[in-house]
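Student: Compute the structure for the input listed below.
(2 chains)
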2 protein chains.
Amino acid sequence: MSELRFDPFGREWITISARRLGRPVTDAQAFCPFCPAPAGAGPAAIDGSEAPRGDYEVAVFENRFPSFGGPAAPEGGGPAVPGQRTAPGLGRAEIVLYSPRHDVHLATIPEPGVRLLVDVWAERTAALAADPAVDYVFVFENRGRDVGQTIDHPHGQIYGYPFVPPRVARELAHVREHRREEGECLQCAVLQGEERAGARIVDREAGWVALVPFAPHFPFEVHLLPRRHVGSLPDLAAQERAAFARLLRRTVARYDGLHGHPLPYMMCVFGAPHAIPEGDIWHLRVAFQPVERAAGRLKYLAGSESGAGAYLQDATPESMAAALRGVAM
Amino acid sequence: MSELRFDPFGREWITISARRLGRPVTDAQAFCPFCPAPAGAGPAAIDGSEAPRGDYEVAVFENRFPSFGGPAAPEGGGPAVPGQRTAPGLGRAEIVLYSPRHDVHLATIPEPGVRLLVDVWAERTAALAADPAVDYVFVFENRGRDVGQTIDHPHGQIYGYPFVPPRVARELAHVREHRREEGECLQCAVLQGEERAGARIVDREAGWVALVPFAPHFPFEVHLLPRRHVGSLPDLAAQERAAFARLLRRTVARYDGLHGHPLPYMMCVFGAPHAIPEGDIWHLRVAFQPVERAAGRLKYLAGSESGAGAYLQDATPESMAAALRGVAM
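Tutor: Numbers count the residues shown, from 1 in each chain, chains lettered A, B, ... in the order given. Have a look, this model is predicted:
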């Protein structure tokens, strides 16, 4: 059972998924439950989920201990307190296996495999957006122990949130206001300006740009941006998907060359909230958010970031971009 | 040199302190630079700072490699991009040593020592608020390796931000709107409701309540709240400070009894932004934000939290409060 609770101070929904507490602990396992296995091998319970047991190229399945889904939990809090609201924790949680091979990742999966993965992401984005319980589809990957990954097999997740998540909702308000006041897409304007400036550009691919943002929240943060004003993965044309796959692979290869080991990161696909009335005001952004500020030195989201919401960097975005450009490929 | 850069999508300031990259690495040290030493021992460089070398009870000193301070860095980004702004990274960064003893923490420092610490926090809050470069004073502590603490000696920090940080600015807008629409302090109303409900109350002390919020962002999150509508630490009366010190000690003792080891947490003192015109609309909150969801199981702020801004919990706030109440004291 999952329940949403509204925080009246931050005015945002918090998801309480008490059943996830009972999910199996999977740190020390003798075999990988995400590797293909004979179809008769039976389900492999992993983080509460059942991976497909036959062969596959890219696989998608529902998390058995999802963060969302099911009817609302009974309110356990006694008399209601003014301003405190709950809602059913409806929504979706899927796991995406990137490859049948255990020892690969986005940089080393052959290009056709990443190209297929992009199609799967786009297809699942459209499918989950069609679920009336879902207000926002979020494709993401937490890579590395340092962001909580417990299974090495390359995989990501897709959440179908029953609300537009806070950071997306805030940005939506801002790009809407910019559009109203300036008559333009903020991301289009920024992207054109960045291409003129040049100092924060990391890489280019047909119709795509990879850059370190002017004001990054994370060390070596990189945004992959389509030059065309496209809102969401399903809107990408076939050629744009192929270029995106190539740029994805090269970006992760740059990350892994930076400190000589796989850089821990969160990859976040920020597509358009599908239910907004002005469907075309959003510009797709695929954001890589690493958590390593120097070789072997983690960037912690501590009091300033997690408490006050104020992010600090100890390097300039221009030096981050230069370091990423300089990785031997 | 420190520089602020405005993120036009999130509409928030990011602090770039490139000089911090050169700060000494302090993980593996043979001695503790925060322990008192003979006055002639010379300065101890630690995280770029110089701790006092004589004896002390509670000590405050400036971080030599601060996140804030100094003139603006030269703009390294080439031609300006529309919507992208910078500002000088003025502000303050101080370190507070809680005790001359190395092996203590907030729960085991004797009560008079914590009482003195509260006075020091209040005094520094007032002092930094008087600096015209400072828009918000933030007293906080990152405790434990898992939130980036590298020196075990008990200490916290105080930032004097040159802006009102994003989470505080959002909450300010919300409590202002609640005040305008409902004619009351949101925190006062919630606190009264929580006292009636009871299920999320953890502890009480003269004039103070410790509770798990209805919609927590962190596992076992606890708010220490004065019953009186007080805005900031300097506004607390002597008796309120003494009660606060006692409740602080007991709260950390509960945390450390929870999983049998010191619980990693961020402690955040959310006082009133001192420059707001309606000086009295804010209600002081001291928030403990742990990052361990079960014994030995960290809560990572990964894709959903750090990317989308959507926080998930795998236990109910009522069960968190019950567990904390149940710790043998």
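
Student: how far away is the residue lying closest to residue A:100 once chain neighbours are set aside from chain B?
Tutor: Nearest in space to residue A:100, with sequence neighbours left out and distances taken as CB to CB, 6 or more residues apart in numbering or on different chains, is residue A:36 at 4.8 Å. (Glycine included, C-beta is placed from N, CA and C.) Here residue A:36 is placed at a distance of 25 Å from chain B (CB to the nearest CB, to the nearest Å).

Student: Residue A:185 now?
Tutor: Per CB to the nearest CB, residue A:185 is found 11 Å from chain B.

Student: got the buried residues for whichever strand or helix holds residue A:61?
Tutor: For residue A:61, the enclosing helix or strand under DSSP states H and E is strand A:59-62. Neighbour-count burial for strand A:59-62, counted by 16 or more other CB atoms under 10 Å in any protein chain shown, picks out A:59-61.

Student: thinking residue A:216 is in contact with residue B:14, fair?
Tutor: Yes: if you go by CB atoms under 8 Å, residue A:216 and residue B:14 touch, sitting 6.6 Å apart.

Student: Which residues are in contact with each of those two?
Tutor: Here residue A:216 and residue B:14 share the contacting residues residue A:313, scored by CB atoms under 8 Å, 6 or more residues apart in numbering or on different chains.

Student: which of those two has more neighbours?
Tutor: residue A:216 (27 against 20; other CB atoms under 10 Å in any protein chain shown).

Student: circling back: and the strand holding residue A:61, what other elements does it pack with?
Tutor: strand A:49-51, strand A:92-97 (3 or more CB pairs under 8 Å, 6 or more residues apart in numbering or on different chains; DSSP states H and E).

Student: and the ones you listed, which one is worst for confidence?
Tutor: Ranked by mean pLDDT, the helices and strands packed on strand A:59-62 end with strand A:49-51 at the bottom, a mean of 60.

Student: Where in chain A is the helix or strand with the lowest mean pLDDT?
Tutor: strand A:44-46 (a mean of 52; mean pLDDT, DSSP states H and E).

Student: residue boundaries of the strands in the stretch 1-150 of chain A?
Tutor: A:3-7, A:12-16, A:44-46, A:49-51, A:59-62, A:86-88, A:92-97, A:136-143 (DSSP state E, counting those that start in this stretch).

Student: Throw the ones you listed into a markdown table and include distance to residue B:261, thanks.
Tutor: Output for those, formatted as a markdown table (distance: least, CB to CB, whole Å):
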| stretch | distance to residue B:261 |
| --- | --- |
| strand A:3-7 | 29 |
| strand A:12-16 | 25 |
| strand A:44-46 | 28 |
| strand A:49-51 | 30 |
| strand A:59-62 | 35 |
| strand A:86-88 | 33 |
| strand A:92-97 | 31 |
| strand A:136-143 | 25 |
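
Student: before we move on, the earlier item: between the buried residues of strand A:59-62, which is closest to residue B:275?
Tutor: Nearest to residue B:275 among the buried residues of strand A:59-62: residue A:60, at 50.7 Å, using CB to CB.

Student: doesn't residue A:263 make contact with residue A:147?
Tutor: No: between residue A:147 and residue A:263 there is no contact, the gap being 10.5 Å when judged by CB under 8 Å.

Student: In contact with the closest residue to residue A:145 other than its chain neighbours, which residues?
Tutor: Nearest in space to residue A:145, with sequence neighbours left out and distances taken as CB to CB, 6+ apart, is residue A:264 at 7.2 Å. By CB under 8 Å, 6+ apart, the contact set of residue A:264 is A:143-147, A:290-292, A:298.

Student: Reformat the residues you listed as CSV; add neighbour count.
Tutor: Output for the contacts of residue A:264, formatted as CSV (neighbours: other CB atoms under 10 Å in any protein chain shown):
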residue, neighbour count
A:143, 27
A:144, 20
A:145, 13
A:146, 19
A:147, 20
A:290, 26
A:291, 24
A:292, 22
A:298, 18
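
Student: ok, so of these, who is nearest chain B?
Tutor: residue A:147 (4.7 Å; CB to the nearest CB).

Student: now the closest one: how far from residue A:62?
Tutor: 22 Å (CB to CB, to the nearest Å).

Student: same check, this time on residue A:114
Tutor: With distances taken as CB to CB, residue A:114 is found 23 Å from residue A:62.

Student: thinking again about what came up before, partner strands of the strand holding residue A:61, with direction?
Tutor: Paired strands of strand A:59-62, with direction, are strand A:92-97 (antiparallel) (DSSP bridges).

Student: Tell me which residues are up against the partner strand.
Tutor: Residues contacting strand A:92-97 (CB under 8 Å, 6+ apart): A:34, A:49, A:51-52, A:56, A:58-63, A:66-69, A:117, A:120-121, A:124, A:128, A:131, A:133-134, A:139, A:153-160.

Student: Take the residues you listed and, keeping just the buried ones, write it as a PyMOL select command.
Tutor: Selecting only the buried entries of these in PyMOL, with 16+ other CB under 10 Å as the criterion:
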select buried, chain A and resi 34+49+51+52+58+59+60+61+63+66+67+68+69+117+120+121+124+128+134+139+153+154+155+156+157+158+159+160
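
Student: what about the strands in the stretch 201-329 of chain A?
Tutor: Going by DSSP E, counting those that start in this stretch, the stretch 201-329 of chain A shows strands at A:201-205, A:208-211, A:222-226, A:265-270, A:285-290, A:292-294, A:297-298, A:312-313.

Student: now the fourth one: how far from the chain's centre is it?
Tutor: If I follow you right, that is strand A:265-270. 3 Å (CA atoms, centre = their mean, to the nearest Å).

Student: Same question for the first one.
Tutor: Mean C-alpha position of strand A:201-205 versus that of the full chain (CA atoms, centre = their mean) differs by 20 Å.

Student: Flag every buried residue along that strand.
Tutor: In strand A:201-205, counting by 16+ other CB under 10 Å, buried: A:201-203, A:205.

Student: of these, closest to chain B?
Tutor: Among the buried residues of strand A:201-205, and counting by CB to the nearest CB, the member closest to chain B is residue A:201, at 10.3 Å.

Student: Report the beta-bridge partners for that closest one.
Tutor: Under the criterion used (DSSP bridges), residue A:201 bridges to residue A:211.

Student: check contacts around it.
Tutor: A:194-195, A:209-211, A:321, A:325.

Student: Filter these down to the buried ones.
Tutor: The buried subset of the contacts of residue A:201 - by 16+ other CB under 10 Å - is A:194, A:209-211, A:321.

Student: Using CSV, write down the CA coordinates of stretch A:122-138.
Tutor: In CSV, the C-alpha atoms belonging to stretch A:122-138 read as follows (Å, rounded to 0.1, in the frame of the first residue of the first chain):
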residue,chain,number,x,y,z
ALA,A,122,10.1,6.3,-25.6
GLU,A,123,7.5,3.5,-25.8
ARG,A,124,7.2,3.1,-22.1
THR,A,125,7.0,6.9,-21.6
ALA,A,126,4.0,7.0,-24.0
ALA,A,127,2.4,3.9,-22.4
LEU,A,128,2.7,5.2,-18.8
ALA,A,129,1.5,8.6,-19.8
ALA,A,130,-1.7,6.9,-21.0
ASP,A,131,-2.4,5.6,-17.5
PRO,A,132,-4.9,8.0,-16.0
ALA,A,133,-3.2,7.6,-12.6
VAL,A,134,0.0,9.0,-13.9
ASP,A,135,0.8,12.7,-14.1
TYR,A,136,4.5,12.5,-14.9
VAL,A,137,6.7,9.8,-16.5
PHE,A,138,10.3,9.9,-15.3
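
Student: and that stretch, how far out from the chain's middle?
Tutor: 14 Å.

Student: Show which residues not belonging to that stretch make contact with it.
Tutor: By CB under 8 Å, 6+ apart, stretch A:122-138 touches A:60, A:90-92, A:94, A:96, A:139, A:158-165, A:168, A:232-234, A:236, A:241, A:268-269, A:271, A:273-275, B:303-304, B:307-308.

Student: Could you count how many residues lie near residue A:109?
Tutor: Neighbours of residue A:109 using other CB under 10 Å come to 22.

Student: Break down the stretch 101-250 of chain A into its helices, ranges please.
Tutor: With DSSP state H, counting those that start in this stretch, the ranges of helices along the stretch 101-250 of chain A come out as A:111-129, A:166-182, A:186-197, A:238-258.
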